[in-house]
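>>> turn this into a model:
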Amino acid sequence: MKKIIFILTVVFCVSAVHAQKLWTLEECVQYAINNNITIKKIQLQRENAEINLNTSQMSRLPNLNANVGQNWSFGYSPGRSGLYESQNRSSTSTSIGSSIPLFAGFRIRNEIARDQLELKSATENLEKAKEDLSLAIASLFLQALFNKELLKVNEEQLNLSRIQITRTQTLVEAGKVPQSQLYDIEAQVAKDEVSVIQAKNNLELSLLDLKQSLELENETDFNIYAPKTGDVISEYMSSVQPPHIIFNNALNTKPVIKGQEYKVEGAKRVLDIAKSYYMPTLDLSIRYGTSYYYIYNMKDYIDPITGNLVHPTNDSFASQFKNNGSELIGLSLNIPIFNRFAVRNQVRSAKLNISNQQLELENVKKTLYKEIETAYLNATAAQEKYRASEKAVKATAESFKYAQERYETGKSSVFEFNEARTRFIQSQSEQIQAKYDYIFRTKILDFYNGIPIGL
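Down below sits the predicted model:
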């Protein structure tokens, strides 16, 4: 008994581990955002904008540079006596210096502001890419849900046809219908089996499209969670708002608008940067340096003051580096006078860029409004289509019920029964398609309204 319990426990645990995960729409969207290659590339662009901002912020700091030089000279050069002598010597020099911009025509401040706006624009571009990807994933997800329901309808019809074989067999044996009708219903079962196979294939293809969009590689048994839907009209009615209301919300939330607004402000900063080159710049410099000299084959000479013979020698390296040191503090003022109209043309180009970005902003707004209007009309049309499909399903269901009753009592042929059933199946398929089309259209309106996509 203990062994049996142990085996059942192991089987249960293994089954739990290998249970198929059902992906929700929200999980699919989040996984796609985390793993999509295009999103990752745009993320790198944003990180590069952060680096550019950090570079411009650090430009306010003083720099620090060190220099070491070694020179050798040969031939005539001034000696200790002041006369030119033929001598060979070497010199070693070192220095360390720093400079800091005291005033640059407000260029650094405007460069920082420009890079901050470019970072914000890059952030909005990333958010826009995430939104576009979310919408694409939602479309694929709803297509898979549609194929799931369509497969269920075809399987139900196949089961119904198989039941009808038994009933038809009974009618044939009772002499109420000819043997040919049994053959007809068997042929219909074969057709229904083909329809089920085709529906399964469509479902597998739609799941494959969704899986590939998620960048899933090792997920072999990928499947999705189908949420229960009630009255979709009332459930999603709040999403169908007039275009002007959605547009006003979109102006404050959509990354495509905010990103373009940042580009306009950034273009204005570029103009300020260009104008800064008209203004003088003032830099502060600090430097310390020292050197060491060594003369080869020094010759004796007579001191012109004392008249004594001098045997010159080179001072030590340490003493020269200590005694030859020098310090420097300086201010450098650069006043632009004429630069071949280069700055003037830069200012002109910056003004043209502002106008271009403003026009682009207006174009983005107009395009957005057109998209919202189209989405609204599509949503209202899908709503009416779904309502009409509901009526069609009810009508064809009653017609099929009546045809089924007549057929089972031997009062109608298989042809009439199959025709009524075909109309019923078609109306069910159209209703499912209309339902998910309506849901998707409302999700597009939510997308423009700044509402996260979910079911």
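>>> all the helices of this structure, in order from the start?
Secondary structure of the chain (DSSP state H): helices at 2-17, 25-35, 37-58, 107-174, 179-213, 232-235, 243-253, 255-276, 317-323, 342-408, 414-448.
>>> got a list of contacts for the third one?
Surrounding helix 37-58, the residues in contact under the criterion CB atoms under 8 Å, 6 or more residues apart in numbering are 32-33, 108, 111-112, 114-116, 118-119, 121-123, 125-126, 129-130, 133, 215. (Glycine included, C-beta is placed from N, CA and C.)
>>> where does this protein have low pLDDT?
Across the chain, the ranges flagged by pLDDT under 70 are 1-20, 77-84, 219-220.
>>> rewinding a little: for the helices of the chain, which one sits closest to residue 69?
Proximity to residue 69 (CB to CB) singles out helix 317-323 among the helices of the chain, at 13.7 Å.
>>> so what does that closest one touch, helix or strand wise?
With contacts taken as 3 or more CB pairs under 8 Å, 6 or more residues apart in numbering; DSSP states H and E, helix 317-323 sits against strand 281-296.
>>> what residue spans form the domains of the chain?
23-60+105-279+342-448, 71-103+283-335 (automatic domain parsing).
>>> picking that back up, narrow the contacts of helix 37-58 to just the buried residues.
Buried by 16 or more other CB atoms under 10 Å: 32-33, 108, 111-112, 114-116, 118-119, 121-123, 125-126, 129-130, 133, out of the contacts of helix 37-58.
>>> what's stretch 276-290 in contact with?
In contact with stretch 276-290 (CB under 8 Å, 6+ apart) are residues 67, 93-107, 110, 320-322, 324-336, 339, 343, 346.
>>> and residue 396, how far is that from residue 432?
Noted for residue 396: a distance of 14 Å to residue 432, by CB to CB, to the nearest Å.
>>> meant to ask about residue 237, not that
Distance, residue 237 to residue 432, by CB to CB: 20 Å.
>>> neighbour count winner among these two?
Higher neighbour count among residue 237 and residue 432: residue 432, with 21 against 12, using other CB atoms under 10 Å.
>>> what's the local residue count around the closest residue to that one other than its chain neighbours?
The shortest distance from residue 432 to any non-neighbouring residue, by CB to CB, 6 or more residues apart in numbering, is to residue 149 (4.7 Å). Residue 149 has 20 neighbours, counted by other CB under 10 Å.
>>> residue 341 versus residue 149, what's the distance?
According to CB to CB, residue 149 and residue 341 sit 70 Å apart.
>>> next: residue 234.
Note on residue 234: its distance to residue 341, by CB to CB, is 68 Å.
>>> again with residue 87
For residue 87, the distance to residue 341 - CB to CB - is 53 Å.
>>> please apply the same query to residue 128.
For residue 128, the distance to residue 341 - CB to CB - is 39 Å.
>>> the more surrounded of the two?
residue 128 (17 against 9).
>>> the more buried one: what's it in contact with?
For residue 128, the contact set (CB under 8 Å, 6+ apart) comprises 254-256, 259.
>>> which of those residues sits closest to residue 302?
Set against residue 302, the nearest of these by CB to CB is residue 259 (83.0 Å).
>>> what sits against that closest one?
Going by CB under 8 Å, 6+ apart, the list of residues near residue 259 reads 120-121, 124-125, 128.
>>> how many residues are close by residue 50?
14.
>>> for residue 57, see how far away it is.
11 Å.
>>> also residue 395?
Residue 395 sits 70 Å away from residue 57 when distances are taken as CB to CB.
>>> same deal with residue 190?
Counting by CB to CB, the gap from residue 190 to residue 57 is 74 Å.
>>> look at those two and report which has more neighbours.
Using other CB under 10 Å, the more surrounded residue of residue 190 and residue 57 is residue 57, with 14 against 11.
>>> skipping its backbone neighbours, what lies nearest residue 158 in space?
residue 192 (4.1 Å).
>>> tell me the contacts of the one you found?
154, 157-158, 161.
>>> just the buried residues from the residues you listed, in PyMOL please.
Buried residues among the contacts of residue 192 (16+ other CB under 10 Å), as a PyMOL selection:
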select buried, resi 154+157+158+161
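>>> between the contacts of residue 192, which is nearest residue 374?
Nearest to residue 374 among those is residue 154, at 33.1 Å by CB to CB.
>>> might you report the residue contacts of that closest one?
Contact partners of residue 154, counting by CB under 8 Å, 6+ apart, are 192, 195-196, 199, 425.
>>> quick check: it vs residue 319, distance?
101 Å.
>>> same thing with residue 260?
Residue 260 is 68 Å from residue 319, by CB to CB.
>>> more neighbours, the two?
Between residue 260 and residue 319, counted using other CB under 10 Å, residue 260 has the larger neighbour count: 20 against 10.
>>> ok, how many other residues are close to residue 164?
Per other CB under 10 Å, the neighbour tally for residue 164 reads 24.
>>> and the closest residue to it other than its chain neighbours, how far from residue 244?
Leaving out its chain neighbours, the residue that sits closest to residue 164 by CB to CB, 6+ apart is residue 185, at 5.3 Å. For residue 185, the distance to residue 244 (CB to CB) stands at 57 Å.
>>> neighbour count winner among those two?
For the pair residue 185 and residue 244, the greater number of neighbours falls to residue 185 (23 against 12), based on other CB under 10 Å.
>>> my read: the more buried one touches residue 161, true?
Yes - with contact defined as CB atoms under 8 Å, residue 185 counts as touching residue 161 (6.7 Å).
>>> mutual contacts of those two, please.
Residues touching both residue 185 and residue 161 by CB under 8 Å, 6+ apart: none at all.
>>> find the one among the domains of the chain with the highest mean neighbour count.
Mean neighbours per residue, mean count of other CB atoms under 10 Å, is largest over the domains of the chain for domain 23-60+105-279+342-448, with a mean of 17.
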